[in-house]
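Participant: Fold the following and give me the result.
(one chain, ligands or ions: 1)
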Amino acid sequence: MAKKTGADKIAGKIPALVAAAKEARKKAYCPYSHYPVGAALIAGSGKVYTGCNIENASFGLSNCAERTAIFKAVSAGEREIKALCVAADSASPCGACRQVIVEFAKKDAVMVYADCRGGKLTYTTAGELLPLAFDPKDAGL
Ligand code: THU
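Facilitator: Residues are numbered from 1 along each chain as shown. Presented below is the predicted three-dimensional model:
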């Protein structure tokens, strides 16, 4: 039998992860953009962490949903993202979040974009998110 990929192992957990990201989106603090985003990730321990975007009147201080979820997980002691879902009207992590994701995700970690307008799910991997990424492992850091 072919070796199981990260995607195979996590597949059964994706519907709950998508639901958690959509639920987290309801908590978004986005009075400036009015663009709510939710994220949920499965960490190395198997635990799910969620996050939403948190904006600020000084716009540059705003934090994306993905990074909120990642920082919650890492500050709880986690060091690996096995799967991450982002839920928004047009769900796709920004460049800054992609760099933060590759810090903690193996290249085959599952990424799911949940489109909240039509309900479409798009699957990709952390490796595809940021091709030729600045990877601390490759850099020997
Ligand atoms: N945003 C996220 O939370 N995640 C993304 O991947 C893209 C953008 C937030 C930032 C800001 O609060 C709002 O969406 C509009 O850019």
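
Participant: switch to C-alpha atoms for all contacts and neighbour counts from now on
Facilitator: Fine.

Participant: host element of the residue most central in space within the chain?
Facilitator: Residue closest to the mean C-alpha point of the chain, counted by C-alpha atoms, centre = their mean, is residue 84 at 3.8 Å. Residue 84 belongs to strand 81-88 when elements are defined using DSSP states H and E.

Participant: Now the helix or strand just after that strand: buried residues?
Facilitator: Tracing the chain C-terminally past strand 81-88 and defining elements by DSSP H and E, one meets helix 95-104 next. By neighbour count with 16 or more other C-alpha atoms under 10 Å, helix 95-104 contains the buried residues 97-99, 101-104.

Participant: thinking again about what came up before, what separation do you get for the residue nearest to the centre of the chain and residue 140?
Facilitator: According to C-alpha to C-alpha, to the nearest Å, residue 84 stands 25 Å off from residue 140.

Participant: sorry, back to before: would you turn the buried residues of helix 95-104 into TSV with pLDDT and distance to residue 30?
Facilitator: Formatted as TSV, those follow (pLDDT from 0 to 100; distance: C-alpha to C-alpha, whole Å):
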residue	pLDDT	distance to residue 30
97	97	17
98	97	21
99	96	23
101	97	22
102	94	26
103	94	26
104	96	26
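
Participant: could these be laid out in a markdown table, adding distance to residue 136?
Facilitator: A markdown table is the format used below for these (distance: C-alpha to C-alpha, whole Å):
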| residue | distance to residue 136 |
| --- | --- |
| 97 | 15 |
| 98 | 14 |
| 99 | 10 |
| 101 | 12 |
| 102 | 9 |
| 103 | 7 |
| 104 | 10 |
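
Participant: Pick the one among these closest to the ligand.
Facilitator: Nearest to the ligand out of the buried residues of helix 95-104 is residue 97 (C-alpha to the nearest ligand atom; 6.7 Å).
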